[in-house]
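In: Provided below for reference: sequence and predicted model.
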Amino acid sequence: MMMEHRSSEHVFYRNLRKTYPVVDRGEGIFIWDTDGRRYIDGSGGACVVSIGHGVPEILEAMKAQAQRICFAHSSHFTSEAAMECAELLTRMAPDPSLNRVYFLSGGSEAVETAVKVVRQYWREVGKPDKYKVISRWTSFHGNTTGALALGGHTGRRRHYLPLFLHTPHIEPAYCYRCPFGREPASCHLECADQLERTIKYEGPDAVAAFIAEPVVGATAGALVPKDGYWQRIREICDAYDVKLIADEVMTGVGRTGREFALDHWGVIPDVIVTAKGLSSGYTPLGAVVVKEEIHEAIRRGTGAFVHGHTYCQNPLSVAIGAAVLRYIQDHKLVERSAAMGEVLLKHLQTLRKHAIVGDVRGLGLFAGIELVQDRDTKHTFPPALKVNAQLAQEAFQRGLITYPGSGGADGIHGDHLLLAPPFVIDEEGIDQMTRILDEALAVVSSRLL
């Protein structure tokens, strides 16, 4: 069947100076464009695709729900699909107390929902002065203005700063570039203790929550904190009656080799925000999982969460989400993410032979490569060179999709690639990814050094 060729002149693209190939189809870890070129989806799109493209069971679930009903507003109905998806998701949660799920259309909506539900909780329990939410620099929590205010990435924030309130931020857990000049062996978790100091400066009676990514994704490329960091953060939140919101939009639902990334440290948050891998890209879907005490406070208080979106709890989307969660469980893909993640990191370590590779890090199938001009000093490349984009483009031309990023070092400087392939990848696929990255690094290195 011949495909009709259409003009792209009416589409408003993210990058107005870039020419995009036209995507045709996907299967497993691969995507094909309409010219027949095949790409390894080495980043799962934007760290979204977990179970692979074109899974028949998910397509059947889509069809089955669509034949029943595609849309019913959450103010009028619930659905069997919503109840099933919520049940499956809470089974993955690290504690039975995290047992209430609010469904959204994506991560940004979910982050803002988490902040609002915590704010309403404090009003319901008679502490209306608690409204401040502390977050971290070198973070990303979404592109809506509220989520951007919490985020800590200069490039994403700078155009829109006049539109949102300034919120308190602390330093990230960034061992490769420790803001306190420490090495892991001599570290006393100063980055975690900064939360306590900031709570004191802001006023404990005014601080409602702390939000952070368990492993930083888009803004720095898989920053894995030292063991003890999250345990200390939990202790500080408990000491000052501050709710802990885990932004697991990228890291949740198996990406790091555990159901949720905080599980690696045995830490239970008060709120989990998740999206991306929850639907593996088969539909826009996000969720907020809250502890029963938060839900109960609102139920006993005003009785309604003053919040909602048109596509909250959309029957078609939650049916797809439930199908994805069943598929992950049935095929033991969380365990596979852990096993293949070890293989991926081992292969990526071989890329240190390139002088511009400063660090290789990650957890599960969530890995980052940081690029530097000088490995000894960790000096970054000038931002104007856009080294991360150069490397991503060279890889793309060779058939590998990656997730490039900049500004991780200090908000302005720094280059990295984030890698997050589908959990179904095998060692051959990882070999191909590494070979392409090796070739791309050689080309970019020859230009720069």
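Out: Here it is on my side, so go on. Numbering: from 1, shown residues only.

In: check contacts around the residue nearest to residue 442 when sequence neighbours are not counted.
Out: Leaving aside its chain neighbours, residue 442 sits nearest to residue 354 (7.0 Å; criterion: Cβ to Cβ, 6 or more residues apart in numbering). Every C-beta, even on glycine, is put in place using the N, C-alpha and C of the backbone. Under the criterion of Cβ atoms under 8 Å, 6 or more residues apart in numbering, the contact list for residue 354 reads 438, 441-442, 445.

In: Report the two of these separated the most.
Out: 438 and 445 (10.5 Å; Cβ to Cβ).

In: centroid residue for the protein?
Out: Nearest to the mean C-alpha position of the chain, by Cα atoms, centre = their mean, lies residue 250 at 2.1 Å.

In: Quick check, residue 372 in contact with residue 388.
Out: No: with contact defined as Cβ atoms under 8 Å, residue 372 does not count as touching residue 388 (11.6 Å).

In: helix or strand right after the helix or strand hosting residue 293?
Out: Remark: residue 293 resides in helix 292-300, with elements defined by DSSP states H and E. Sequence order places helix 315-330 as the next helix or strand after helix 292-300, per DSSP H and E.

In: What sits closest to residue 291 if chain neighbours are left out?
Out: Of all residues not flanking residue 291 in the chain, residue 97 sits nearest, at 4.7 Å (Cβ to Cβ, 6+ apart).

In: Give me the neighbour count for the one you found.
Out: 15 (other Cβ atoms under 10 Å).

In: Then residue 266?
Out: Other residues near residue 266 number 10, with proximity taken as other Cβ under 10 Å.

In: quick one: it and residue 228 touch, right?
Out: No: contact criterion Cβ under 8 Å: residue 266 and residue 228 do not qualify, at 11.1 Å.

In: So residue 418 belongs to a helix, correct?
Out: No: according to DSSP: H, G, I helix; E, B strand; the rest coil, residue 418 belongs to no helix; its state is strand.

In: Name the secondary structure element that contains residue 368.
Out: strand 367-371.

In: Can you name the next helix or strand after that strand?
Out: helix 387-397.

In: Next, the angle from that next one to strand 367-371.
Out: Interaxial angle, helix 387-397 versus strand 367-371 (axes from the mean of the first three to the mean of the last three Cα atoms, to 10 degrees): 120 degrees.

In: Output the helix or strand following helix 387-397 as PDB, nothing but the C-alphas.
Out: For helix 387-397, the succeeding helix or strand toward the C-terminus, using DSSP H and E, is strand 403-406. Extracted C-alpha coordinates of strand 403-406, given in PDB (Å, rounded to 0.1, in the frame of the first residue of the first chain):
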ATOM      1  CA  TYR A 403      18.800  11.500  24.700                       C
ATOM      2  CA  PRO A 404      21.400  14.300  24.700                       C
ATOM      3  CA  GLY A 405      21.500  17.000  27.400                       C
ATOM      4  CA  SER A 406      23.500  20.100  28.500                       C
END
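
In: Just checking: what are the partner strands of strand 403-406?
Out: Partner strands and pairing direction for strand 403-406 (DSSP bridges) are strand 415-419 (antiparallel).

In: Report the mean per-residue pLDDT for the partner strand.
Out: Throughout strand 415-419, pLDDT has a mean value of 98.

In: Could you give the number of residues near the nearest residue to residue 399 once chain neighbours are set aside?
Out: Counting by Cβ to Cβ, 6+ apart, residue 39 is the residue found nearest to residue 399 once chain neighbours are left out, at 5.1 Å. By the measure other Cβ under 10 Å, the count of residues near residue 39 is 21.

In: tell me what the host helix or strand of residue 39 is packed against?
Out: If you go by DSSP H and E, residue 39 is part of strand 38-40. Applying 3 or more Cβ pairs under 8 Å, 6 or more residues apart in numbering; DSSP states H and E, one finds that strand 38-40 contacts strand 30-33, helix 427-448.

In: I'd like those written out as CSV, with distance to residue 126 added.
Out: As requested, the helices and strands packed on strand 38-40 are exported to CSV (distance: least, Cβ to Cβ, whole Å):
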stretch, distance to residue 126
strand 30-33, 53
helix 427-448, 54
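
In: Of all these, which one is nearest residue 178?
Out: Proximity to residue 178 (Cβ to Cβ) singles out helix 427-448 among the helices and strands packed on strand 38-40, at 25.5 Å.
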